[in-house]
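> Structure, please.
(2 chains)
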Amino acid sequence: KQEVTQIPAALSVPEGENLVLNCSFTDSAIYNLQWFRQDPGKGLTSLLLIQSSQREQTSGRLNASLDKSSGRSTLYIAASQPGDSATYLCAVDPYNQGGKLIFGQGTELSVKP
Amino acid sequence: KAGVTQTPRYLIKTRGQQVTLSCSPISGHRSVSWYQQTPGQGLQFLFEYFSETQRNKGNFPGRFSGRQFSNSRSEMNVSTLELGDSALYLCASSLAAGVDTGELFFGEGSRLTVL
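Residues are numbered from 1 along each chain as shown, chains lettered A, B, ... in the order given. Prediction:
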């Protein structure tokens, strides 16, 4: 059974720091991994999608990597800003699950001015 | 291009009632999936529809049902509401052109409170 874990559950950093969020999954049989951002009481915003054949994806100050063999992904945020404060979730798209993504519990990030 | 639209955004019901939530996907997206989000359980998959067919269903009781229309709009229904059904219900759409789900785009959610 696929399980997705995100550590740490919460993280507080001063503005300007570079930081890394971690995501691990137990079964490497996935099509892709997606990172999302969720602001309080809101829906999820897609940040990056990494196909299983890719090693990393970049968008602005965000860089996500994927190591399928070890079951790990990281989301790197450069030069963090208070506006980056949100909960970050990763999700995997497992083989033969017909549209069912498996989500981690998320990392709640707080960037202090 | 408009995003995923969910209605209503907020609603309050009492135990035993039923509720219908609506989701309009991004234009051109044929796959719609539904998730329930609660503080204790996180995001849990309810079901996914593609071209009006339910392709997958999560581990929820039969009180939770859904459907998809020919224009890809989707509805989910919860009957005989229980206190534990209080949650944020999120709808997501994707192109799902291949065997994988593809990039998922979420709506703002429908916040259901059951009293």
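> mind listing what the closest residue to residue B:53 other than its chain neighbours touches?
Spatial nearest neighbour of residue B:53, excluding adjacent residues (CB to CB, 6 or more residues apart in numbering or on different chains): residue B:68 at 7.7 Å. To be clear about C-beta, it is placed using only N, CA and C from the backbone, and glycine gets the same treatment. The contact partners of residue B:68, by CB atoms under 8 Å, 6 or more residues apart in numbering or on different chains, come to B:32, B:49, B:50, B:51, B:52, B:53, B:54, B:74.
> who does residue B:68 bridge with?
residue B:74 (DSSP bridges).
> any idea how far it is from residue B:13?
Look at residue B:68 and residue B:13: by CB to CB, to the nearest Å, they are 23 Å apart.
> Same check on residue A:17?
Using CB to CB, which is the criterion applied here, residue A:17 is 44 Å from residue B:13.
> just residue A:58 next, same as before
Counting by CB to CB - residue A:58 and residue B:13 are separated by 44 Å.
> what does residue A:66 give?
Taking CB to CB, one finds residue A:66 at 41 Å from residue B:13.
> ditto for residue A:5
34 Å.
> again, but for residue B:69
Residue B:69 is 24 Å from residue B:13, by CB to CB.
> And these two? Which one has more around it.
Set residue B:69 next to residue B:13 and count neighbours by other CB atoms under 10 Å in any protein chain shown: residue B:13 wins out with 16 against 12.
> Before we move on, what's the pLDDT of that one?
Looking at residue B:13, its pLDDT reads 98.
> what are the phi and psi angles of it?
phi -130, psi 170 (degrees, to the nearest 10).
> and residue 37, what helix or strand is that in?
Going with chain A. strand A:30-38 (DSSP states H and E).
> please go with chain B instead
Counting by DSSP H and E, residue B:37 is found in strand B:31-38.
> Fine, thanks again, bye for now.
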